[in-house]
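> Provided below are the primary sequence and the corresponding predicted coordinates.
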Amino acid sequence: MPGGRLTQQERQQIALGLADGIAYAEIARRLDRPTSTITREVMRNGGPTGYRADLAHRATERRAHRRRQATPRGLRAPEEAHGRDPEAVREYEETFTTLFMQQGLPKMMSRVLTCLYTNDAGSLTASELVQRLEVSPASISKAITSLEGQGLIRRERDERRRERYVVDNDVWYQGMIAAARANVQLAETARQGVSVLGPDTPAAARLENIARFVDFVTESLTRAAEQARDILFARPEAASGSADTAPPDRG
């Protein structure tokens, strides 16, 4: 399987495949590349309807040029913590960002969320995000506001009174609960249509089925999120307390 960056010819093949409606996996197979490479390439360069091979190639060259400028000749890039491979980390971050974008998050929100999730501390300040992502403070501020509004991150102040943006287990739980609340609203709106369209009509039956399905999934999702929080994210002292409990004397 070939390695390295995509060539201009490969990008042209990707563009032709997208124009023909070919799936990412099939384009990847034809180019002997991982599907994740094709998905990431398309999503970071306009998406399936806006991808242009020449623009994508120039954008990649600009990014590589910026990285070379950021690391002057004769100086080594700062080493990753825990002996991580910087290139592998960068590739993984791009893959994670692409996943968030496929799920509907805008690119900058996806980049911020990836940066927070892959940071060992799980929290960064706005200035640290600006430095890591090499974007303007305004871009970070807008992304942070949207992520916080969706319950995907939270903010706290550190010992220096700086605002830090945090992802942790509770934020993930709150995000799942927020999604469940949105589903409840969907079910309620669907049921409103039953009375408007007439309870004995095909359209009303369809809406009632939607509401029932959403109700069932939402209830299951909420119950699973609560169980996962209680079991997987138990406080360390609680877990250690249960472990220290002596087993009953079996005689």
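Noted; the coordinates are in hand.

> quick one: the helices in this protein?
Secondary structure of the chain (DSSP state H): helices at 8-19, 24-31, 35-43, 47-50, 53-70, 86-102, 107-117, 126-133, 137-149, 169-197, 202-232, 236-244.

> right, and those - which one's nearest R155?
Comparing the helices of the chain by their distance to R155 (CB to CB), the top pick is helix 137-149, with 6.7 Å. Every C-beta, even on glycine, is put in place using the N, C-alpha and C of the backbone.

> quick check: buried residues in the closest one?
Under the neighbour-count criterion of 16 or more other CB atoms under 10 Å, helix 137-149 has 140, 143-144, 146-147 buried.

> quick check: the gap between the closest residue to G151 other than its chain neighbours and L232.
Of all residues not flanking G151 in the chain, A178 sits nearest, at 4.2 Å (CB to CB, 6 or more residues apart in numbering). Using CB to CB, to the nearest Å, A178 is found at 19 Å from L232.

> neighbour-wise, which of those two wins?
Looking at A178 and L232 with other CB atoms under 10 Å, you find the greater number of neighbours at A178, namely 14 against 9.

> I'd guessed the more buried one sits against E148; true?
No: under the criterion of CB atoms under 8 Å, A178 is not in contact with E148, lying 11.3 Å apart.

> looking at the helices of the chain, which is closest to D158?
Checking these against D158 by CB to CB gives helix 126-133 as the closest, at 11.4 Å.

> chain center to the closest one, what's the gap?
18 Å (CA atoms, centre = their mean, to the nearest Å).

> who touches it?
The set of residues external to helix 126-133 that reach it, using CB atoms under 8 Å, 6 or more residues apart in numbering, is 111-112, 115, 124, 136-137, 140-141, 144, 163, 165.

> need those residues in TSV with distance to E61 and pLDDT, can you?
What follows is those, written out as TSV (distance: CB to CB, whole Å; pLDDT from 0 to 100):
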residue	distance to E61	pLDDT
R111	20	93
V112	25	95
C115	23	93
L124	29	94
S136	22	93
P137	26	93
I140	25	94
S141	29	94
I144	30	94
E163	36	91
Y165	32	94
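
> out of those residues, the closest to E188 would be?
Nearest to E188 out of the contacts of helix 126-133 is I144 (CB to CB; 30.5 Å).

> distance of the closest one from R164?
11 Å.

> need the overlap of contacts for the two.
Shared contacts of I144 and R164, defined by CB under 8 Å, 6+ apart, are found at R155.

> how's the protein carved up into domains?
1-59, 85-167, 169-240 (automatic domain parsing).

> tell me how far the last one lies from the chain's centre.
The one in question is domain 169-240. With CA atoms, centre = their mean, you get 21 Å for domain 169-240.

> tell me which residues of stretch 209-218 come out buried.
For stretch 209-218, the neighbour count (16+ other CB under 10 Å) marks 210-211, 214-215, 218 as buried.

> picking that back up, any chance of the helices of the chain in CSV with distance to E156 as columns?
Formatted as CSV, the helices of the chain follow (distance: least, CB to CB, whole Å):
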stretch, distance to E156
helix 8-19, 42
helix 24-31, 39
helix 35-43, 31
helix 47-50, 34
helix 53-70, 30
helix 86-102, 22
helix 107-117, 13
helix 126-133, 13
helix 137-149, 12
helix 169-197, 11
helix 202-232, 19
helix 236-244, 20
